[in-house]
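K.L.:
what's the 3D shape of this:
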Amino acid sequence: MFNQIRELLTNYGQIDIIWFDGSWERTPEQWQAQKLAKMIRDLQPNILINDRLPNCGDFETPEQFIPPHPPAHPWETCLTINESWGYNSDDCNFKSSRQLIHTLCEVAGKGGNLLLNVSPMGNGQIPPEQLERLKDIADWMGSHCESILDTTPGLEPWQFYGPSTRKGDRIYLHLLMKPYETISVRGIPIKRVKSVFVLADGTALTYTSRCAIMDSILNYNPLGELTIDVPESVINPYVTVICIDIDY
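P.N.:
Purely as a prediction, here's the structure:
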């Protein structure tokens, strides 16, 4: 095993990630995990190691679910499109495109990455059901990737009922369900809101704000509640993303 890993990390240029599976079959001592990790980092100083090399990982890998609370370390959810990691002609239990895009938004809202599996058939082609879902994800990302890539978690769950992300002074609200005319965002500096709009096409949205009366009189920067009008015409069939620009 040591010789094979040395070969992989020596003969093929820069390697960004080495992703171990398993780990439970042997103890860390039997794996010689610390010795192996040292060799890996000596050969590839900038490499990332996942957490399945016991006690040596740079990031965590929850599998087939979204953690209820974000892990303390960098992490990625590992997910299949149906229920199988390899090609399985009998497994027709495919997750819908909407479910996969919702998962992507929820993972991003918790500060993680999504590692989405594909399982090629014996001829090397990706099954058509998986291609269809990948295309739907790609189409949605075409106009919404700004709210996913290079973002950090946005608001707390009590502030907005759905995933949210942030980049600089912009907050991205991910609407997983159709709203009843409006959505509410709480605990934000309402007097510093510059604009509210739909990410996909820039449509400006009307909104109102309110806070405690004394805060509005005595506090030049009160935290309050924003109520945003969301017309049916701007709803995306998968996930609608609304941007709030705040002048901090």
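K.L.:
What is the worst-scoring helix or strand of the chain on mean pLDDT packed up against?
P.N.:
The least trusted helix or strand in the chain, going by mean pLDDT, DSSP states H and E, turns out to be helix 213-218, with a mean of 75. If you count contacts as 3 or more C-beta pairs under 8 Å, 6 or more residues apart in numbering; DSSP states H and E, helix 213-218 packs onto strand 223-229. For glycine as for every other residue, the C-beta is placed from the backbone atoms N, C-alpha and C.
K.L.:
Of all the residues in the longest helix along the chain, which ones are buried?
P.N.:
Counting residues, the longest helix found in the chain (DSSP state H) is helix 128-144. Residues of helix 128-144 classed as buried: Gln130, Arg133, Leu134, Asp136, Ile137, Trp140, His144 (neighbour count, 16 or more other C-beta atoms under 10 Å).
K.L.:
Make JSON lines out of those and add distance to Arg186.
P.N.:
JSON lines is the format used below for the buried residues of helix 128-144 (distance: C-beta to C-beta, whole Å):
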{"residue": "Gln130", "distance to Arg186": "39"}
{"residue": "Arg133", "distance to Arg186": "34"}
{"residue": "Leu134", "distance to Arg186": "36"}
{"residue": "Asp136", "distance to Arg186": "32"}
{"residue": "Ile137", "distance to Arg186": "31"}
{"residue": "Trp140", "distance to Arg186": "27"}
{"residue": "His144", "distance to Arg186": "24"}
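K.L.:
Just the strands from this protein, written as ranges.
P.N.:
Here the chain has its strands, by DSSP state E, at 17-18, 48-49, 76-79, 113-116, 152-153, 164-167, 170-175, 182-189, 193-198, 207-210, 223-229, 240-246.
K.L.:
Most tightly packed of these?
P.N.:
Stretch with highest mean neighbour count among the strands of the chain: strand 170-175 (a mean of 23; mean count of other C-beta atoms under 10 Å).
K.L.:
what packs against it?
P.N.:
Strand 170-175 sits against strand 164-167, strand 182-189, strand 240-246, with contacts defined as 3+ C-beta pairs under 8 Å, 6+ apart.
K.L.:
ok, residues contacting that strand?
P.N.:
Residues outside strand 170-175 that contact it (C-beta atoms under 8 Å, 6 or more residues apart in numbering): 105, 109, 146-147, 151, 154-155, 160, 162-166, 183, 185, 188, 199, 230, 235, 239-246.
K.L.:
quick one: contacts for Ala212?
P.N.:
Taking C-beta under 8 Å, 6+ apart as the criterion, Ala212 is in contact with Pro222, Gly224.
K.L.:
what's the closest non-adjacent residue to the residue most central in space within the chain?
P.N.:
For the chain, Ala108 is the residue whose C-alpha lies nearest the centre (C-alpha atoms, centre = their mean; 2.4 Å). Leaving aside its chain neighbours, Ala108 sits nearest to Ile148 (4.8 Å; criterion: C-beta to C-beta, 6 or more residues apart in numbering).
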